[in-house]
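# Test case, fold it:
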Amino acid sequence: MSHGKIREDKTCLNCGHQVEERFCPHCGQENTERRQPFYFLFTHFVEDFTHYDGQFWGTVKNLIFKPGKLTNIYLEGKRQTFVPPVKLYIFVSFITFFMFALFPMVLFNSDSNKGGTLDKAAIIKNIKPADTQKLIDSIKARKNLTKEDSLAIKSLQVLPDSAKIEDFAKILEMDKKIDSNSGFGNYKTRKSYDSAMAKNPSFLDFIQIPIAHKFFELKDNGVKKEEIVTSMVEKSFHNLPKALFIYLPIFAFFLWIFHNKKKWWYFDHGIFTLHYFSFLLLIILLIFLISKLTGLSGFKMINALLYLIMSLLTLYSMGYFFIAHRRVYHSHGLVSLIIGMILFTINFIAFMFLVVGLALISFLMIH
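Next comes the predicted model:
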């Protein structure tokens with residue numbers, strides 16, 4: 001509820017109708033004074049989204065703890081009780097990515113590695129035997145093994161839990177430039193690559209050629225591997241809101257395909273999608289903030305509890321879709337589960353394509 005001073009004049013400034021109480025019965029505008037104190041700008045902003053009458057917090061509570069309820073209420077026509085879906089998504093998206101920008105992810109430990117290398121201690125701590133074997137297998141699968149590949153395999157094969165950090169750093173070499181002998185496929189220079197592509201064109205050239213040109217450009221400019229990774233992560237992060245916004249109608253489209261077209265309109269699926277994506281953004285934000293707390297606490301028990309909370313939130317976010325889908329679409333339990341699994345799988349694959357595309361775009365944007 002706004003706390004702006006009510007005008008003594010009962011004529012609405014917007015439409016000219018008589019206003020008996022606080023709001024105009026014709027256009028809905030609040031009959032408050034035109035000039036307000038400066039702080040009113042901030043209080044008005046907060047009120048618009050949080051509504052001191054509890055609308056916003058009631059919306060968030062139901063969104064998190066009662067899957068599908070907001071969608072059901074909105075589709076029933078009760079649209080003044082909670083924050084509208086579009087407004088909710090925009091606000092949650094803004095808060096989430098604002099917090100990401102405020103507390104950026106640290107890929108490289110500048111305090112312990114002033115030269116710009118990776119935080120090697122963190123890498124050694126997190127690497128697992130299964131991951132090591134996967135890395136060895138991926139290197140062996142390459143067609144042409146280089147000296148660096150052989151060194152990497154030998155180092156990984158003898159890498160014990162107490163391995164020296166310096167040995168693992170030599171494998172990554174993130175502080176070095178792209179090797180002069182490195183190439184794109186079997187081609188060491190852009191000229192040789194372009195010549196080969198001209199002789200053997202492919203329908204994937206529109207993707208491969210720009211990536212290859214960017215690779216050779218970075219190689220010629222002497223860009224370090226660390227700079228490439230950092231730039232890709234930063235640009236991917238800035239493009240993520242756009243990617244999510246683009247994926248909204250795609251997600252709703254998949255819902256539309258698997259449900260009765262006469263009973264459920266595309267609009268209905270769009271409302272479900274907005275609420276579901278708003279929930280996902282909130283969970284991502286919570287996990288992100290909790291992960292920041294793990295770095296502040298030196299107590300193992302507290303950190304273990306925080307990691308447990310993050311794991312539970314991750315599991316809940318996976319099960320949330322099935323619960324919300326069952327409650328909104330009122331399908332039989334088994335049918336709802338099957339449709340939910342199919343939709344979950346399709347959307348996972350489609351979103352992975354979107355993420356890969358985002359990574360490629362971010363790579364092409366590196367300067």
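# What are the boundaries of the helices in the protein?
40-50, 55-65, 69-75, 85-102, 120-126, 129-140, 147-157, 165-172, 190-199, 205-221, 225-257, 266-294, 300-329, 333-364 (DSSP state H).
# Ok, which of these comes nearest residue 7?
Residue 7 sits nearest to helix 40-50 of all the helices of the chain, at 14.6 Å, using Cβ to Cβ. From N, CA and C alone the C-beta is placed, and that goes for glycine too.
# In TSV, list the helices of the chain along with mean neighbour count.
Shown next, in TSV, are the helices of the chain (neighbours: other Cβ atoms under 10 Å):
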stretch	mean neighbour count
helix 40-50	13
helix 55-65	17
helix 69-75	19
helix 85-102	16
helix 120-126	14
helix 129-140	12
helix 147-157	14
helix 165-172	15
helix 190-199	13
helix 205-221	15
helix 225-257	16
helix 266-294	18
helix 300-329	15
helix 333-364	14
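# Reformat those as a markdown table; add distance to residue 28 and mean pLDDT.
A markdown table is the format used below for the helices of the chain (distance: least, Cβ to Cβ, whole Å; pLDDT from 0 to 100):
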| stretch | distance to residue 28 | mean pLDDT |
| --- | --- | --- |
| helix 40-50 | 14 | 63 |
| helix 55-65 | 16 | 89 |
| helix 69-75 | 19 | 94 |
| helix 85-102 | 16 | 87 |
| helix 120-126 | 55 | 46 |
| helix 129-140 | 58 | 58 |
| helix 147-157 | 67 | 57 |
| helix 165-172 | 60 | 46 |
| helix 190-199 | 62 | 84 |
| helix 205-221 | 51 | 82 |
| helix 225-257 | 28 | 80 |
| helix 266-294 | 23 | 91 |
| helix 300-329 | 30 | 89 |
| helix 333-364 | 38 | 84 |
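# could those go into TSV alongside distance to residue 25?
Shown next, in TSV, are these (distance: least, Cβ to Cβ, whole Å):
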stretch	distance to residue 25
helix 40-50	21
helix 55-65	21
helix 69-75	25
helix 85-102	23
helix 120-126	62
helix 129-140	66
helix 147-157	74
helix 165-172	68
helix 190-199	69
helix 205-221	58
helix 225-257	36
helix 266-294	28
helix 300-329	34
helix 333-364	44
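# Can you tell me which of the ones you listed is nearest to residue 14?
Residue 14 lies closest to helix 40-50 among the helices of the chain, at 16.4 Å (Cβ to Cβ).
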